[in-house]
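Engineer: I would like the atomic coordinates for the input below:
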Amino acid sequence: MTTKPSKELEIFDNPAPERDYTIRIRLPEFTCLCPKTGQPDFATLHLEYVPETSCIELKALKLYIWSFRDEGAFHEAVTNDRGGVYTTVVAEHKSPDWIASTIVSLP
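Structural biologist: So this is what the prediction gives:
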């Protein structure tokens with residue numbers, strides 16, 4: 001079992017590259033150090049992507065997120081760099097003649 005953080009993200013081949021589907025990942029355990037005060041900062045990161053040729057391996061992602069724990073970093077910087085893992089994979093199978101209803105926007 002790996003007991004060290006890692007800056008390397010592993011990927012694996014998309015098992016269904018012929019179709020679009022969404023992968024949603026919630027990372028509620030993100031921690032880093034505030035670069036101004038040195039105090040711990042906590043955040044929940046949400047990632048959402050439609051894979052093309054590859055998918056992110058979740059254990060490697062968790063180790064990547066862990067690698068920020070002892071670093072001074074602003075959440076905004078980490079989030080733009082790619083920043084517990086919960087995953088939701090959404091795949092839609094629709095009839096070819098199905099038509100979506102009109103979206104209603106409320107004020």
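
Engineer: identify the residues contacting Thr53.
Structural biologist: Asp13, Asn14, Pro17 (C-beta atoms under 8 Å, 6 or more residues apart in numbering). Quick note: C-beta positions are derived from backbone N, CA and C, even for glycine.

Engineer: so who does the last one touch?
Structural biologist: Residues in contact with Pro17, defined by C-beta under 8 Å, 6+ apart, are Pro51, Glu52, Thr53.

Engineer: residues touching the first one, list them.
Structural biologist: For Pro51, the contact set (C-beta under 8 Å, 6+ apart) comprises Asn14, Pro17, Tyr21, Ile23.

Engineer: same question for the second one.
Structural biologist: Contact analysis of Glu52 by C-beta under 8 Å, 6+ apart lists Asn14, Pro17.

Engineer: surely it is in a strand?
Structural biologist: No - under DSSP: H, G, I helix; E, B strand; the rest coil, Glu52 sits outside any strand and is assigned coil.

Engineer: and the pLDDT for it?
Structural biologist: Note on Glu52: pLDDT of 92.

Engineer: I'd like the contacts of Thr53 as CSV, with distance to Ser105 and pLDDT appended.
Structural biologist: Listed next are the contacts of Thr53 as CSV, based on distance: C-beta to C-beta, whole Å; pLDDT from 0 to 100:
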residue, distance to Ser105, pLDDT
Asp13, 39, 97
Asn14, 33, 95
Pro17, 34, 92
